[in-house]
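Visitor: Pasting the sequence and the predicted coordinates here, then a few questions.
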Amino acid sequence: MKIQKLRVCDFSSRMDLWLKENFPEISRSLLARLIKEGRVKVNRVVEKKPSKKLQPGDLLEIYWPEENFLSPHPRFLPLDVIYEDTEIIVLSKQRGVSVHPVSPFETNTLVNALLYHGFSLSRYGLPLRPGIVHRLDKDTSGVMVIAKSDRAYLHLIQEFKARRVEKSYLVVVEGKWKEDRVIDAPLGRSRKNPLRMEVKNWGGKPSYTEITVLDAREEFSLLLVKPRTGRTHQIRAHLSFMGYPIAGDVLYGSSKGKAYFSRQALHAFTLAFSHPTFQKRMFFAASLPSDMREFVRWYFAASLCHQLS
């Protein structure tokens, strides 16, 4: 068992929130569990309430379980690897798979699968997110890049921050989209539903999404979407705000699309970035998953589906 001692040096705060601030890689629910199990002492006294108010000067002693407690466990899941070298892995993530665990007890994630298949991953992001430089929602499919080396991780993180990484998505939305446009609407987390993001003219972060119409019919439209910023749920929130929710995206208002999709019909189609070693611009694409491919073939045009496969 590892004992870690920390001194509260800043402002008063709930214990679970303070721990989350200092251990961002660990989920708040897991930290609360450790507290309730009596693994945290405040000023040498066991405190089992996550809501305990900490004050500047308080001494915390955390009794971590065995060393591998925080490490994700390898778990077999099939991987669709598009490209690999000594620095990076590019793959097509399947729908229904989370990118990384939020606690060591979660095992059906991309990180667990990468560990099972023996891929070396960057130490950055440990323990639960090794090598992860960007994410896709659990039910969003498509192309991703993973860092195998620390150098690759730092390079790719900088590329994303500088907005030099180009991404495009294929999306099926409800309704007939009228024309190509750029959505300029700031986003922030909803107060009514913290799982959702919403447009906020005051306090929202600048968010831009470029829309190109590939095909538009009365009930559904097929769009090529390029996010110019990388906000949480940006595409989903912007399209819902415009009155065209993504088919199957119940959280953001899908109604008709539920009959055809059990998840949001959102697919990360292409990804372009400079290689961390060669500095060469690289471009990758992931073919449509079966649910979107079959719908496009049926509802739109077989020829269009062939072009995007």
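Guide: In hand now; what should we look at?

Visitor: going forward, measure contacts and count neighbours with C-alpha atoms only.
Guide: OK.

Visitor: just the helices in the stretch 151-300 of the chain please.
Guide: 234-241, 290-299 (DSSP state H, counting those that start in this stretch).

Visitor: and the longest one, how far from the chain's centre?
Guide: Between the centre of helix 290-299 and the centre of its host chain there is 25 Å, according to Cα atoms, centre = their mean, to the nearest Å.

Visitor: and residue 54, what are its phi and psi?
Guide: Per-residue torsions, residue 54: phi -90, psi 150 (degrees, to the nearest 10).

Visitor: Measure how buried it is and give me the count.
Guide: 20 (other Cα atoms under 10 Å).

Visitor: That one and residue 271, how far apart?
Guide: 44 Å (Cα to Cα, to the nearest Å).

Visitor: Also residue 18?
Guide: Residue 18 is 37 Å from residue 271, by Cα to Cα.

Visitor: Quick check: buried residues in stretch 180-188?
Guide: 183, 185-188 (16 or more other Cα atoms under 10 Å).

Visitor: Correction: the previous question concerned stretch 234-254.
Guide: Applying 16+ other Cα under 10 Å to stretch 234-254 flags 234-241, 244-254 as buried.

Visitor: re the thing from before, so which of the helices of the stretch 151-300 of the chain is nearest residue 164?
Guide: helix 234-241 (17.6 Å; Cα to Cα).

Visitor: Which strands or helices does that closest one pack on?
Guide: Applying 3 or more Cα pairs under 8 Å, 6 or more residues apart in numbering; DSSP states H and E, we find helix 234-241 packed against strand 197-199, strand 208-216, strand 220-227.

Visitor: Please produce a markdown table containing these, extended by mean pLDDT and mean neighbour count.
Guide: Below are the helices and strands packed on helix 234-241 laid out as a markdown table (pLDDT from 0 to 100; neighbours: other Cα atoms under 10 Å):
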| stretch | mean pLDDT | mean neighbour count |
| --- | --- | --- |
| strand 197-199 | 96 | 22 |
| strand 208-216 | 97 | 18 |
| strand 220-227 | 98 | 22 |
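
Visitor: sorry, back to before: redo the buried residues of stretch 180-188 as a markdown table? Include distance to residue 174.
Guide: Converted to a markdown table, those look like this (distance: Cα to Cα, whole Å):
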| residue | distance to residue 174 |
| --- | --- |
| 183 | 17 |
| 185 | 20 |
| 186 | 22 |
| 187 | 21 |
| 188 | 23 |
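
Visitor: What are the structural domain limits within the chain?
Guide: Following automatic domain parsing, one gets these domains for the chain: 2-69, 71-162, 163-309.

Visitor: Make CSV out of the helices of the stretch 151-300 of the chain and add mean pLDDT and distance to residue 277.
Guide: Shown next, in CSV, are these (pLDDT from 0 to 100; distance: least, Cα to Cα, whole Å):
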stretch, mean pLDDT, distance to residue 277
helix 234-241, 98, 30
helix 290-299, 95, 35
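
Visitor: right, and those - which one's nearest residue 159?
Guide: helix 234-241 (18.8 Å).

Visitor: relative to strand 220-227, how tilted is that closest one?
Guide: For helix 234-241 against strand 220-227, the angle by axes from the mean of the first three to the mean of the last three Cα atoms, to 10 degrees is 130 degrees.

Visitor: from now on call the first residue 18
Guide: Right, with 18 as the first residue, what we last looked at is helix 251-258.

Visitor: so helix 251-258 versus strand 225-233, what angle?
Guide: 70 degrees.

Visitor: Can you give the contact residues for helix 251-258?
Guide: 190, 200, 202, 204, 213-216, 224, 226, 242, 244, 262-263, 266, 269-270 (Cα atoms under 8 Å, 6 or more residues apart in numbering).

Visitor: one more time with 10 Å, if that's ok
Guide: 186, 188, 190-191, 200-205, 213-216, 224-228, 242-246, 248, 261-263, 266, 268-271, 281, 283 (Cα atoms under 10 Å, 6 or more residues apart in numbering).
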